[in-house]
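1. Fold the following and give me the result.
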Amino acid sequence: MSKAVRQLHQETAFAVFSGLITKLPLTFLCLYILVELLEWNSALKIAIGTQVVLSIEAYIRLYGIRRHFSKENAKSHL
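-> All right, here's what the predicted structure looks like:
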């Protein structure tokens with residue numbers, strides 16, 4: 001396995017694992033806020049609200065991961 005392929009696998013595994021760690025607590029928090037505090041009772045509204053929050057979180061998380069690994073790649077090419 002080449003170094004580039006190994007780097008891609010490492011980045012992918014980190015992205016998946018960090019997603020698993022952050023999504024579950026964030027989902028519970030979103031559901032608590034939307035159902036208990038805001039008293040939303042429409043499944044569609046709850047699903048859309050949760051998805052918006054999770055999508056924003058995923059964008060921020062993946063941006064940080066890509067930025068970190070692109071800096072590592074730039075250092076290794078020097």
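2. Please count neighbours and contacts with C-alpha atoms only from this point.
-> Noted.
3. mind listing the helices for this structure?
-> Per DSSP state H, the chain carries helices over the ranges 3-31, 43-76.
4. Now do the contacts for the residue most central in space within the chain.
-> In the chain, the centroid-proximal residue (Cα atoms, centre = their mean) is Ala58; its distance is 3.2 Å. Ala58 makes contacts with Gly19, as judged by Cα atoms under 8 Å, 6 or more residues apart in numbering.
5. next one: the one 4 residues further on
-> Applying Cα under 8 Å, 6+ apart, one finds that Leu62 lies in contact with Ala15.
6. how about a cut-off of 6 Å?
-> The contact partners of Leu62, taken as Cα atoms under 6 Å, 6 or more residues apart in numbering, number zero.
7. Could you dump the helices of the chain into TSV with mean pLDDT added?
-> Listed next are the helices of the chain as TSV, based on pLDDT from 0 to 100:
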stretch	mean pLDDT
helix 3-31	93
helix 43-76	92
